[in-house]
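*Asks:* My questions are about this predicted structure, shown below with the sequence.
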Amino acid sequence: MELQTLKKLVRQGEGLHVEFKLKAKFPEKIVREMAAFANAEGGTVFIGVSDDRKIFGLKNANEEEFVMIRALERYCSPPLSYSIEKVPIDDSHEVLAFIVPKSPDAQVYYILENPKRKTTPKRVYIRVADRTIQASKEMREILKGRQKQKNFGFQYGLKEQQLFKYLDRNPFITVKTFAQEVDITRAIASRTLVLLVLAGVLQIIPNEVEDRFYLASDQP
């Protein structure tokens, strides 16, 4: 990557595909960002760039690279696919670019290490705009379904009719609201919405509080 390309990306700021980190001071947090990119549309983490879009570079880029590689081996499952580029800023500083493609075959889990627990919990993170958030149960099921690369169908029954009537009057619906409106269990509401997303009828917009489901033809 050329310096001019880097400057152009930095001017555009952080977003769905770009994250800035000044240093690899907390490598586990950077790994979480990279796992989120893999579970979404892919992206690049630039180390040596501040949140306010200033390019400082790293004096010891090799050391920071080593720290990140070790962290990626430790905190990701399955192993994360990525490539590394170094962008020279001056004679003594470089920016590290960790380029992460979209994961085609499996969800990438972020491993939470806790010595007080017998089991090692895993979390799935995704990228939404310029934020990294933990994926909901519904989002995880949708990711699994998409990786199967098959066509999904659904039955147009009473609950689906009521759902579409609701979406005629409101821009979006949540699992909780759907269950209440149609008087069904949360589990059935969840499965129905997930299937409709996989069938291409609805789209999901992940949210830290509660995911929102829109008609696929609408622009949230």
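*Replies:* Right, received. Where do you want to start? Everything numeric here is computed off the predicted structure, so don't read it as measured data. Numbers count the residues shown, from 1 in each chain.
*Asks:* Do a quick rundown of the helices in this protein.
*Replies:* 3-12, 27-39, 61-75, 137-147, 158-169, 175-182, 186-198 (DSSP state H).
*Asks:* Residue 104 is nearest to which of those?
*Replies:* Smallest distance to residue 104 across those (Cβ to Cβ): 7.5 Å, for helix 137-147. Bear in mind the C-beta positions are built from the backbone N, C-alpha and C, glycine included.
*Asks:* now for the closest one, which elements pack on it?
*Replies:* For helix 137-147, the elements it packs on are strand 122-128, helix 186-198, strand 202-205, judged by 3 or more Cβ pairs under 8 Å, 6 or more residues apart in numbering; DSSP states H and E.
*Asks:* Pick the most buried one from the helices of the chain.
*Replies:* helix 27-39 (a mean of 23; mean count of other Cβ atoms under 10 Å).
*Asks:* how's this protein carved up into domains?
*Replies:* 3-135, 138-215 (automatic domain parsing).
*Asks:* So what's the gap between stretch 120-139 and the chain middle?
*Replies:* The chain centre lies 6 Å from the centre of stretch 120-139; the measure is Cα atoms, centre = their mean, to the nearest Å.
*Asks:* mind listing what's buried in that stretch?
*Replies:* Under the neighbour-count criterion of 16 or more other Cβ atoms under 10 Å, stretch 120-139 has 124, 125, 126, 127, 128, 132, 133, 135, 136, 138, 139 buried.
*Asks:* got it, and stretch 87-107?
*Replies:* Quick answer for stretch 87-107 (16+ other Cβ under 10 Å): 87, 89, 93, 94, 95, 96, 97, 98, 99, 100, 103, 107.
*Asks:* Now pLDDT too, for these, in a markdown table please.
*Replies:* Putting those into a markdown table (pLDDT from 0 to 100) gives the following:
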| residue | pLDDT |
| --- | --- |
| 87 | 98 |
| 89 | 96 |
| 93 | 97 |
| 94 | 98 |
| 95 | 98 |
| 96 | 98 |
| 97 | 98 |
| 98 | 98 |
| 99 | 98 |
| 100 | 98 |
| 103 | 91 |
| 107 | 90 |
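*Asks:* quick check, nearest of these to residue 80?
*Replies:* Distances from residue 80 to these, taken by Cβ to Cβ, are shortest for residue 100, at 6.8 Å.
*Asks:* On the pLDDT front, check the residue nearest to the closest one when sequence neighbours are not counted for me.
*Replies:* Counting by Cβ to Cβ, 6 or more residues apart in numbering, the nearest residue to residue 100 once its immediate chain neighbours are dropped is residue 37, at 4.2 Å. Turning to residue 37, the model gives it a pLDDT of 97.
*Asks:* same question, residue 45
*Replies:* 98.
*Asks:* Now for it, how many residues are close by?
*Replies:* 22 (other Cβ atoms under 10 Å).
*Asks:* Report the contact partners of it.
*Replies:* 19, 20, 21, 30, 33, 34, 37, 97, 98, 100 (Cβ atoms under 8 Å, 6 or more residues apart in numbering).
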